[in-house]
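**Student:** predicted structure and sequence below. I'll ask about it afterward.
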Amino acid sequence: MLIMWQFYLLGGFQLIVDGEPADQFEVDSARALCAYLVLHQGETLRREQLAALFWPDRSQSNALRNLRTALSRTRRGLGPLSDALQADRQTVTFLPTTHVWVDALEVSALAADVETHAHRHLVGCPFCLEKLQRIVQLYRDEFLAGFTQESDLFQEWATVQQERYHRMALQALDALTVYHLRRGEWAEAQHQARRALQLEPWREESHRHLIFALAQQGQRSAALQQFHTCREILQRELAAPPQAETMELYETLLHHPERLSPDHAPRSPMQLWPTGAHWLDDLPLVGRQQELATLLELLISPTTRLISVVGEGGVGKTRLALRAARRTALCFNDGVFYVGLNPEERPDAQPLQPSSAVAQVAQHIALACAIPLNEKEKYQEKVLAFLRKRNILLVLDSFEQHEAATPFLLSILENAPACVLLVTSHRPLNLRQEHVLRLEGLDVSAYTDAQVAVPDGLALFDILARRRGLVGALEATHRPAVLQICQAVGGLPLGIELAVACLPHLKRLQAGSWSAADLGRLLEQASEPDAQAMLDLPPRHRGLRALFQTAWRLLDATLQKTLAVIAIFRAPFTVEAATAVLGLDKPDEAARLLWGLSERSLVQPGIQGRHQLHDRVHRFAAEQLAASPARAPTRERYTTFFLHNLAKAEEALDGREATAVQQTLAFELEDLRAAWRDAIEDQRWELLAAAASAFARFHVLRGLHNEGERLLREAVHRLRKRHFEATSSWRSHQAAVDGEEQARHANGPAQRSGEALSTALSNQQPGAPGTLAQALARLLIAWSRLLERINQRETAEVVLLEALELADEPAVRTDALIEMGWCLFRLGRTADALPPLQEALALADHLEDVRRRAYALNGLATIHQRRGDSTANRALLEEALSLARQAGDLTMAGIILGNLSIHYNELGDYARELTLLKEALAIHQTQQNRPMEVNALYALGIHYDARGQYTEAQAHYRQALRLAEAIDDRFSQLDIWLNIGISRDQMGDYAGALQATQTALAMDREVNNPQSRCILLANLSLHHHHLGDQLQALAHAQEAVALANAIEMPTIAAYGYDFQGHALLALGRVEEAEKAYRQALQLREQRGLTYLSFESRAGLARVALARGDAQTALAWMEPVVEYILHAVLEGPEEPLRIYWTAYQVLAAADDPRREEVLRCAVTILQERAERISDQEERRRYLTQVKAHREILRAASGE
């Protein structure tokens, strides 16, 4: 806990520790020494110096002895802070390490800051005035008041300090008195003047201040009496009469008191005063603390002459400028004047010509400053003459209307050296002397009850709503709607004000969140409010549309066209995109135009160097584009740019730059979809076809399956119709050509005409049936990929059949065949999947396309893997991997690595499996390929399950599940729940295993995946077996075997036979159990799955034991025993059940190896249990699994 130590030396010595007085110093000498040390903290002071200061009339030895005593008392007085008092034989240093505060040191620091701070006038500097008020607050009385000390040297030092702090306090009081007098705050000025007179009764300046303050409050008699008091004190103390200035004040007060009234001088209605209400500055300034502080610092700086506050209309430039100008008004002796430059009476006025612009600005300045004008003199010369010797601040509002008058501002700066200009405009003036302050919308970030500070935009909404009688805008029920509204107008203060004005009543906010339609209606109303709403707003601010129209009129034709054209973008865009859509040749040209709009706050900088239009600007700029003849060519260039770039990105999505490409496409997604819809509407089929594959690929990678499928379906349906129309027209034309062919010998010109037309058709121009057919085929292939992702595989098959009928180009046909093979494979039709993939492989060879050959080989390998042909599977995958790497297709390489890992898992080579999986995962994570990352993660979970590392397995499953849910990958979620179920089963959590598998079962009804369903049925059989429901276990195992045989999955069929054997043996149906186990063994040994075959052998051994045939049981288990005595068995579903069976068989045969097998089993069981981090799960693993329980019981000798 931080302890606060406070030393008060101004007004007597006092030590406060954590708000409580703490004075244990005993004598004044210890207090005096402490005061001296804390005032010189950090300095190394020699003991001789201190002794001479405090005891100058003693010998050095006595003085040093007194010093030691005083230091000891000082330590006691400091208590826990005594560690800060560091002393050795020669020196003493006060070096605090904790929070120590000294009032005198703060006063010194504040006074130094005020003295060194650069400002025009002290009384006009808000920063210094705050410090002066703090000095006055801290100065309670003179330094160490009431202190007695015998040492004349110390008393002399203390007197110097007293005078120093006395001067600081007097100077602060004097400045504050003048400040309050100039602001007309008479009571406060009177208070400060009286305090100054308490410090120095003969201070004549303070007497004058007090006399003037009393007179302004109507206390003439008191003011006259104060003069007489002043004269008496001066005579008594200084033997001097009052100064001439004091006498003049007295005479004025006595004979002409009306001349002292500040109202005596005429005011301009455009002059800004530091206090009181002002019609120009009567609304709250919410937020903008940082911007206001920056602007104040610029205004008070004596070197600043020109400041521009820039931002879009309605962002609050005027309000900020007015508030800052009033806060610093006392810096300018001749006043602060507001000069409004917006031609409100002519809302359709164009920018003025240079000459008239100067005259207009000069005329506005003259009117604001009450400068008399006549027709014979040039306005600008008259204004310059008036300003030349005056210290004035001019607030030039809405200067964007008169940018041509910028040279006149330079003339003012040159000819009036004490004049300062504060300009508000849409963009900077781009002058060397200019300081620019840019304003953006208010903070409209989300807000919760836990936050202390309300975002500025929401705070403004609440204040404005209360002014209109709407209380409680920031209550929890209203807050989401308020946030939506504030964000919709981009935190624009005027937008928020208009939105509040358009709200019918607060109950409307209780919807919590608004629909897009509701929000659109409110914004439409705010764009053009009712004529009777906000009548006190200037015309240019009566609606968001009026703001935009003002900004639009001030743009030249080139910038108007640029703004309209870039309104076609839906998302932040790059300079490259703008260059293409604007139809420019060089990016520098587009960058220059964007900069021109950006400096007017119409274009905003976006993320990653992009540009964007805020919604409110985009809304109105889009209207300009819609009404422009440039709309059609702009749309064509826009569509071409985005779809062409998308087509080019296809291969990159699978390469080393995949992550960057994905991020780029994600940023541009809204524009990609808009370009896609525009291309459909404009029938740009070849462009769509070229981009279709990348379009589908990107939507799959991002998990945007439904959105992508819908857009591809729309394109296919429209192109189908167009293709049908073109085909019908072509057939009619072909019939005519055939007729012409028959008559060609009789009619030469007809022959030539028919040949020309036939040639044109054979060239397949855009819209011709052949061209349309190939485009349609490519769109169908892309559509099928997304149909599969949303579980419409039967529809995908039909779509691919249509694509194959249309596809004439070898590359397109190859793609269709590969997709067809995978579609049939996933439908469980393994035999049907083989021919398309074989044909695809042949076509890829013909094309010499290594990429497509790798895809086809991977598909064929997967078929062999399902059929249990391990040798062919591995050979095909290794060739496919080599080709994928050769083609630079990292995505396919990662997929093949994952498939190879399955091969090594089945062979029991877990080290190789892990290496491959980690390499695959690294590829998918680098590429941000979320679907394949999910696959790699849960495959790692399977690996760790097989190794008995259940905690790691569950962690990977959970990570994979979160990611699959995030991208809405239902197929992967199904597989993950399947594996979670079998993992929980192995850990003895049979109820949890059944629940997880039932979750998978519910998903399977939705996704209809035969391969997953086959595994699901096998797992259900095992769960029910462990839970004791053998009939249900048998039924599920039989279903698993039937489905596995139907879809050619012999590996899963072997599991099904094993689980049948488990259930049948438990039911006492020994012969049927033996038959099931033999079938499982046969399937596994045929495919070289040695380790998995041990599970079937263990089942046959248990059958033999049930018959009492120990020798047959031993014969079945002999290969198993030989293996487990030399290696750890990993891979089977229940490896320790196999160990337990081996022990039982060896015990029945009285084989001495049983003890070694038991020892191995116990070791493995304990090692696996230790890896389980959760204690309850570890306990369940050891006690709920029957084999584990029996192993431990046997080991304990029970």
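**Tutor:** That came in fine, so what should we check first?

**Student:** residue boundaries of the helices in the stretch 1-150 of the chain?
**Tutor:** 28-39, 47-54, 60-78, 103-116, 126-138 (DSSP state H, counting those that start in this stretch).

**Student:** just the ones you listed: most buried one?
**Tutor:** helix 28-39 (a mean of 22; mean count of other C-beta atoms under 10 Å). For glycine as for every other residue, the C-beta is placed from the backbone atoms N, C-alpha and C.

**Student:** what is the mean pLDDT for that one?
**Tutor:** Helix 28-39 carries an average pLDDT of 91.

**Student:** can you give the distance of that helix from its chain's centre?
**Tutor:** Between the centre of helix 28-39 and the centre of its chain there are 55 Å (C-alpha atoms, centre = their mean, to the nearest Å).

**Student:** now that helix - C-alpha only, PDB.
**Tutor:** The C-alpha trace of helix 28-39 is given here as PDB (Å, rounded to 0.1, in the frame of the first residue of the first chain):
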ATOM      1  CA  ASP A  28      11.600  22.900  17.200                       C
ATOM      2  CA  SER A  29      15.200  22.300  16.400                       C
ATOM      3  CA  ALA A  30      14.200  18.800  15.100                       C
ATOM      4  CA  ARG A  31      11.400  20.400  13.100                       C
ATOM      5  CA  ALA A  32      13.600  23.100  11.700                       C
ATOM      6  CA  LEU A  33      16.200  20.500  10.600                       C
ATOM      7  CA  CYS A  34      13.500  18.300   9.100                       C
ATOM      8  CA  ALA A  35      12.100  21.400   7.200                       C
ATOM      9  CA  TYR A  36      15.600  22.200   5.900                       C
ATOM     10  CA  LEU A  37      16.200  18.700   4.800                       C
ATOM     11  CA  VAL A  38      12.900  18.100   3.000                       C
ATOM     12  CA  LEU A  39      13.300  21.400   1.200                       C
END
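
**Student:** residues contacting it, please?
**Tutor:** 7, 9, 13, 15, 23, 25, 45, 50, 53-54, 66-67, 70-71, 73-74, 77-78, 85, 92, 94, 100, 102, 104-105, 144, 147-149, 154, 157, 161 (C-beta atoms under 8 Å, 6 or more residues apart in numbering).

**Student:** swap in stretch 1120-1135?
**Tutor:** Residues from elsewhere that reach stretch 1120-1135 (C-beta under 8 Å, 6+ apart): 905, 908, 910, 946-948, 982, 986, 1022, 1055, 1091-1092, 1094-1095, 1097-1098, 1138-1139, 1142, 1145-1146, 1153, 1156-1157, 1160, 1164, 1187.

**Student:** among those, which are located in helices?
**Tutor:** 905, 910, 946, 982, 986, 1022, 1055, 1091-1092, 1094-1095, 1097-1098, 1138-1139, 1142, 1145-1146, 1153, 1156-1157, 1160, 1164, 1187 (DSSP state H).

**Student:** re the thing from before, among the helices of the stretch 1-150 of the chain, which is nearest Glu312?
**Tutor:** Closest to Glu312 of the helices of the stretch 1-150 of the chain, according to C-beta to C-beta: helix 126-138, at 27.8 Å.

**Student:** could you say what helices and strands that closest one packs with?
**Tutor:** helix 103-116, helix 152-182, helix 289-300 (3 or more C-beta pairs under 8 Å, 6 or more residues apart in numbering; DSSP states H and E).

**Student:** what's in contact with that helix?
**Tutor:** Contacts for helix 126-138 (C-beta under 8 Å, 6+ apart): 10, 103, 106-107, 110-111, 113-114, 117, 119, 122-123, 168-169, 172-173, 175-176, 179, 192, 195, 296-297, 300, 327-328.

**Student:** what subset of the residues you listed is buried?
**Tutor:** 10, 103, 107, 110-111, 114, 119, 122-123, 168-169, 172-173, 175-176, 179, 192, 195, 296-297, 300, 327-328 (16 or more other C-beta atoms under 10 Å).

**Student:** domain map for the protein?
**Tutor:** 4-102, 104-263, 271-438, 456-530, 555-628, 632-732+765-775, 1089-1196 (automatic domain parsing).

**Student:** check contacts around the residue lying closest to Phe25 once chain neighbours are set aside.
**Tutor:** Of all residues not flanking Phe25 in the chain, Gly77 sits nearest, at 3.5 Å (C-beta to C-beta, 6 or more residues apart in numbering). For Gly77, the contact set (C-beta under 8 Å, 6+ apart) comprises 15, 23-26, 30-31, 34.

**Student:** what's the pLDDT at Gly77?
**Tutor:** 89.

**Student:** one more: the one 3 residues further on?
**Tutor:** Pro80 is assigned 85 on the pLDDT scale.

**Student:** and it, how many neighbours?
**Tutor:** 11 (other C-beta atoms under 10 Å).
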